[in-house]
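Engineer: Predicted model and sequence below, questions to follow.
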Amino acid sequence: MMTWENRWHPLLERWVTVTSHRGSRPWSGGRVTEAPDAPWFDPSCYLCPGGERISGIKNADYTDCFVFDNDHPAFKASAPAPEPAPGIYQSARAEGLCRVLCYTPDHGGRLSGLSEDQFKAVVRCWRDQTDGLMAAAGYEHVFIFENNGEVVGVSNPHPHCQIYATPFVFHTVAQEIQAVARYRQADADNLFDAIIRSEQADGRRILVETDDCLAFVPYFAQLPYETFIVPKGSWQRLPEMPGECSMIWPWSCARCLKCKITYGRRRSPTFCRCIRRQSRYRLITTIDVIFACSQCFEDRVYKNI
């Protein structure tokens, strides 16, 4: 069935145009083929255990998660003072902290291929880094994200993510916080609860549902495989979640990275948001075998909303 319409994005408070018929247009552009398997260890990789980074520092011979300060940070406490801005423009120091988290020593691994215990270790690291940077260091915002795949410009294929801590909240998150506040004031309701109820009422876009979370392709998706994984409880940050819930998160995230629902079209999430628990649906294949090559994706952990 063709879908050709504008849909309101309640978090960004703007219209999203859905044009499914354009998927059948003639295509003579680039195509991506399967990359060769990467080795478990690459001696030239600056993210592998023992690898030497551009700073001259050698990585530890790690066997689990490994975190270090980014050698090429976008934000840093010692960032230089900016040049004076001309006219109406403004500038400020790019203060903050950037870290890199390697998920595993396996150079050829992927987030979707982590074991449950490995995934739990990653989530614990996300939680601990958020707690330390916001509570101890006093940063206003901690943003965790991964860009995966050569096509989206990843500089190193070793499985890793970025952790940005800044004294300000990123614009998109601030915009969504404002949308949630306006909705609560107008309707005396939580906007995420309303989104969950709406998706449950429709049911067609749900990927995973448990007692604690709902994973779905939102009605207002901006990307073909955009996926929200939203907790049913109310917590602003990972450290505030009860330990049991935060540790069930890996199970749900892994299932979303690996799922196709038996009763519908092929669906593979490539944009994740916040996460939790056990599936009621049978998951029968993985994102990496739906297409001819391992899928590129952006993975973002949103907090503070």
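Structural biologist: Right, received. Where do you want to start?
Engineer: Helices of the stretch 51-200 of the chain, start to end?
Structural biologist: 116-131, 171-187, 191-202 (DSSP state H, counting those that start in this stretch).
Engineer: Tell me which of these is the most buried.
Structural biologist: helix 116-131 (a mean of 18; mean count of other CB atoms under 10 Å). For the C-beta atoms, the positions are set from N, CA and C on the backbone; glycine is no exception.
Engineer: That helix - contacts with which helices or strands?
Structural biologist: strand 97-102, strand 141-148, helix 243-257 (3 or more CB pairs under 8 Å, 6 or more residues apart in numbering; DSSP states H and E).
Engineer: Can I get that helix in PDB? Just the C-alpha atoms.
Structural biologist: Presented in PDB, the C-alpha positions along helix 116-131 are these (Å, rounded to 0.1, in the frame of the first residue of the first chain):
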ATOM      1  CA  GLU A 116      24.400 -10.600  26.400                       C
ATOM      2  CA  ASP A 117      27.200 -10.200  29.000                       C
ATOM      3  CA  GLN A 118      29.200  -8.000  26.600                       C
ATOM      4  CA  PHE A 119      26.100  -5.900  26.000                       C
ATOM      5  CA  LYS A 120      25.600  -5.500  29.700                       C
ATOM      6  CA  ALA A 121      29.200  -4.400  30.100                       C
ATOM      7  CA  VAL A 122      28.600  -1.700  27.500                       C
ATOM      8  CA  VAL A 123      25.400  -0.500  29.200                       C
ATOM      9  CA  ARG A 124      27.100  -0.400  32.600                       C
ATOM     10  CA  CYS A 125      29.900   1.700  31.000                       C
ATOM     11  CA  TRP A 126      27.300   4.100  29.500                       C
ATOM     12  CA  ARG A 127      25.600   4.400  32.800                       C
ATOM     13  CA  ASP A 128      28.800   4.900  34.800                       C
ATOM     14  CA  GLN A 129      30.200   7.400  32.300                       C
ATOM     15  CA  THR A 130      27.000   9.400  32.400                       C
ATOM     16  CA  ASP A 131      26.900   9.400  36.200                       C
END
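Engineer: Low-confidence stretches in the stretch 201-305 of the chain?
Structural biologist: Low-confidence regions of the stretch 201-305 of the chain, defined by pLDDT under 70, span residues 243-300, 302-305.
Engineer: returning to that earlier point: between the helices of the stretch 51-200 of the chain, which has the poorest average model confidence?
Structural biologist: For the helices of the stretch 51-200 of the chain, mean pLDDT drops lowest on helix 116-131, to a mean of 88.
Engineer: Distance from the chain centre to that helix, please.
Structural biologist: 14 Å (CA atoms, centre = their mean, to the nearest Å).
Engineer: relative to strand 97-102, how tilted is it?
Structural biologist: Angle, helix 116-131 to strand 97-102, by axes from the mean of the first three to the mean of the last three CA atoms, to 10 degrees: 170 degrees.
Engineer: Run the angle between helix 116-131 and strand 141-148 for me.
Structural biologist: Using the same axes, to 10 degrees, helix 116-131 lies at 140 degrees relative to strand 141-148.
Engineer: got a list of contacts for stretch 74-81?
Structural biologist: Residues from elsewhere that reach stretch 74-81 (CB atoms under 8 Å, 6 or more residues apart in numbering): 93-98, 164-166.
Engineer: And these, which of them are buried?
Structural biologist: 96-98, 164-166 (16 or more other CB atoms under 10 Å).
Engineer: Would you reformat those residues as CSV and include distance to Thr3 and pLDDT?
Structural biologist: Listed next are the buried ones among the contacts of stretch 74-81 as CSV, based on distance: CB to CB, whole Å; pLDDT from 0 to 100:
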residue, distance to Thr3, pLDDT
Gly96, 41, 95
Leu97, 43, 96
Cys98, 39, 97
Tyr164, 35, 95
Ala165, 40, 94
Thr166, 38, 94
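Engineer: And for Leu223, the neighbour number?
Structural biologist: 13 (other CB atoms under 10 Å).
Engineer: That one sits in which helix or strand?
Structural biologist: Using DSSP states H and E, Leu223 sits in no helix or strand.
Engineer: Could you check how far it is from Thr104?
Structural biologist: Distance, Leu223 to Thr104, by CB to CB, to the nearest Å: 26 Å.
Engineer: Asp189 too?
Structural biologist: In terms of CB to CB, Asp189 sits 41 Å off from Thr104.
Engineer: between those two, who's got more neighbours?
Structural biologist: More crowded of Asp189 and Thr104, by other CB under 10 Å: Thr104, with 25 against 11.
Engineer: give the contact list for that one.
Structural biologist: Residues counted as contacts of Thr104 (CB under 8 Å, 6+ apart) are 64-65, 114, 118, 159.
Engineer: from the residues you listed, which has minimum pLDDT?
Structural biologist: Lowest pLDDT of these: Leu114, 83.
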